[in-house]
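> Coordinates only, no sequence provided:
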């Protein structure tokens with residue numbers, strides 16, 4: 001019976017685990033993240049105790065999933081600079097949707113298919129909640145875009161890939177043109193402008209200005225053709 005679920009000790013264990021998984025760049029927010037996860041997960045666990053038709057093991061699965069998503073979305077909100085006064089309302093909405101999906105619809109929280117559905121559900125709930133803040137002019141467009149386009153899950157997954165090494169290699173800007181169209185447009189505008197400025201300056205015997213413009217043109221051209229980008233490369237073992 002779910003009434004046998006000792007959720008306080010279980011959540012304490014989950015809260016302690018945060019110390020080992022929180023990325024370094026969020027270290028100054030560790031206490032806040034731990035406390036937020038503890039508070040929001042406890043609220044869900046207290047409701048689970050009242051569910052008479054759910055066994056203890058299933059309660060643990062649901063509680064852990066809610067704790068994990070509370071952890072990840074709290075980091076995402078910190079990264080996007082969403083004011084902390086909005087965090088709990090967003091997390092309430094996300095956790096309610098998870099709870100409803102796993103309890104009311106009796107879905108198995110350990111199923112891979114269900115876990116994938118939960119991820120989609122969480123992202124949908126999160127984006128909807130963030131959009132409401134943006135629509136109400138409580139956050140600006142920069143914060144909104146950052147919140148819906150960045151996820152610490154991908155970053156943490158990449159850093160934990162033991163079979164991958166991270167290299168910095170030159171990548172053509174054409175490889176990133178689709179995700180950075182404004183940068184590309186800026187280059188197209190500035191490149192000819194600096195080159196024409198250099199030609200005019202040399203023609204008018206303004207050599208210092210001409211050399212400065214030509215140097216800037218060369219630098220921009222080089223950055224246009226190549227730009228450093230961190231990529232993850234799988235290197236097979238010599239024995240394989």
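Right, received. Where do you want to start? Quantities reported herein were computed from a predicted structural model and do not represent experimental measurements. Numbers count the residues shown, from 1 in each chain.

> contacts for stretch 116-128?
65, 69, 73, 76, 90, 93-94, 97-98, 101-102, 107, 109, 147-148 (CB atoms under 8 Å, 6 or more residues apart in numbering). In this view, the C-beta of every residue, glycine as well, is placed from N, C-alpha and C.

> if you set the cut-off to 10 Å instead, what comes out?
Applying CB atoms under 10 Å, 6 or more residues apart in numbering, the external contacts of stretch 116-128 come out as 65-66, 68-69, 72-73, 76-77, 90-91, 93-98, 100-102, 107, 109, 111, 114, 144, 147-149, 151, 153.

> Return the subset of those residues lying in strands.
Among the contacts of stretch 116-128, none falls in strands (DSSP state E).

> which of those residues are buried?
Among the contacts of stretch 116-128, those scoring as buried are 65-66, 68-69, 72-73, 76-77, 90-91, 93-95, 97-98, 101-102, 107, 109, 114, 144, 147-148, 151, 153 (criterion: 16 or more other CB atoms under 10 Å).

> residue closest to the middle of the protein?
Residue closest to the mean C-alpha point of the chain, counted by CA atoms, centre = their mean, is residue 151 at 1.5 Å.

> Tell me both backbone torsions, phi and psi, for that residue.
Dihedral angles of residue 151 (phi, psi; degrees, to the nearest 10) stand at phi -140, psi 130.

> In this model residue 69 seems to touch it, though I could be wrong.
No - checked against CB atoms under 10 Å, the pair residue 151 and residue 69 is beyond contact range at 11.4 Å.

> Residue 130: neighbour count?
The burial count assigned to residue 130 is 24, neighbours taken as other CB atoms under 10 Å.

> Show me the helices in this structure, by range?
For the chain, helices defined by DSSP state H occupy the ranges 7-21, 30-49, 56-79, 87-99, 112-135, 141-149, 152-159, 181-203, 207-225.

> Deepest-packed of those, please.
Of all these, helix 56-79 has the most neighbours on average by mean count of other CB atoms under 10 Å, namely a mean of 21.

> Mind giving me the packing neighbours of that one?
helix 7-21, helix 30-49, helix 87-99, helix 112-135, helix 141-149, helix 152-159 (3 or more CB pairs under 10 Å, 6 or more residues apart in numbering; DSSP states H and E).

> just the angle between that helix and helix 141-149, please?
150 degrees (axes from the mean of the first three to the mean of the last three CA atoms, to 10 degrees).
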